[in-house]
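Trainee: This is a predicted model, with the sequence first.
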Amino acid sequence: MASEDNKGNSNNSEEENSESSSSEERVKGKETVRTYLKNELTGPDEELKQALSESNAAVLDYVDEYYQSLFTEDNFETFIKKSYVMIWLPYANDVGYELEPIDIQIEKVEDIENDAYHFEAEVEYSKDGEADTAQVTGRINANDQGKITVIRFKDNALKEKLRNN
């Protein structure tokens with residue numbers, strides 16, 4: 001009888017560990033998404049401005065430092081080539097804008113098997129003492145280790161507003 005009780009406790013413990021592990025992965029995925037969005041929507045800082053003024057190699061060093069840990073090794077190069085890394089900052093730098101996220105909302109999408117996160121970000125863009133805001137929305141998928149595997153932008157009003165101002 002005691003061994004059955006221990007077995008029952010063991011199963012409960014395994015279930016708890018599985019739930020805890022799944023919860024930790026969700027937290028890790030959500031943190032990765034938040035870090036990615038903060039990196040994308042804040043700046044450009046002095047380090048990036050310097051890199052942009054120097055060379056492509058300096059920019060790649062910057063990208064490696066701030067982005068590489070957020071992506072799977074296989075996908076990192078692809079995301080760079082498809083311009084999912086540093087989407088707004090080089091352009092904001094070129095036209096003299098500073099970006100700052102005011103609000104970032106991230107929700108786990110519950111109805112699909114993979115970890116996917118819907119996000120909405122309100123971003124302030126400012127130049128010469130004038131400021132306005134724009135929305136950026138989309139969905140980002142993360143793997144079990146919390147690394148980004150897919151990025152889809154739904155509304156990229158920020159890029160249009162930077163162009164038109």
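Mentor: Now that the structure is in, tell me what you want to look at. Residues are numbered from 1 along each chain as shown.

Trainee: mind listing what's buried in stretch 69-84?
Mentor: 70, 71, 75, 76, 79, 80, 84 (16 or more other C-beta atoms under 10 Å). C-beta coordinates here come from the backbone N, C-alpha and C atoms, glycine included.

Trainee: Give me the subset of those residues lying in helices.
Mentor: Judged by DSSP state H, the subset of the buried residues of stretch 69-84 located in helices is 75, 76, 79, 80.

Trainee: For residue 53, see how far away the closest residue to the first one other than its chain neighbours is.
Mentor: Once its chain neighbours are removed from consideration, residue 75 has its nearest residue in residue 149; the separation is 6.0 Å (C-beta to C-beta, 6 or more residues apart in numbering). Relative to residue 53, residue 149 is positioned 33 Å away (criterion: C-beta to C-beta, to the nearest Å).

Trainee: what's the answer for residue 59, then?
Mentor: Separation of residue 59 from residue 53 (C-beta to C-beta) stands at 10 Å.

Trainee: List just the nearest of the ones in helices among the buried residues of stretch 69-84 to residue 158.
Mentor: The closest of these to residue 158 turns out to be residue 79 (C-beta to C-beta; 18.4 Å).

Trainee: I'd say that closest one and residue 73 touch.
Mentor: No. Using C-beta atoms under 8 Å, residue 79 is not in contact with residue 73; the gap is 11.3 Å.

Trainee: measure stretch 62-78 end to end?
Mentor: From its first residue to its last, stretch 62-78 covers 17 Å (C-alpha to C-alpha, to the nearest Å).

Trainee: related to what we said a few turns ago, may I have the phi/psi pair for the residue nearest to residue 75?
Mentor: When read as degrees, to the nearest 10, the backbone of residue 149 gives phi -120, psi -30.

Trainee: Am I right that it is in contact with residue 72?
Mentor: Yes. Between residue 149 and residue 72 a contact is recorded at 6.1 Å, counting by C-beta under 8 Å.

Trainee: Need the residues touching each of the two.
Mentor: residue 143 (C-beta atoms under 8 Å, 6 or more residues apart in numbering).

Trainee: if we can go back for a sec, looking at residue 149 and residue 53, which has the bigger crowd around it?
Mentor: residue 149 (18 against 10; other C-beta atoms under 10 Å).

Trainee: In contact with the more buried one, which residues?
Mentor: Counted by C-beta under 8 Å, 6+ apart, residue 149 has contacts 72, 75, 114, 141, 142, 143.

Trainee: again, 10 Å this time
Mentor: 29, 71-72, 74-75, 79, 114-116, 140-143 (C-beta atoms under 10 Å, 6 or more residues apart in numbering).
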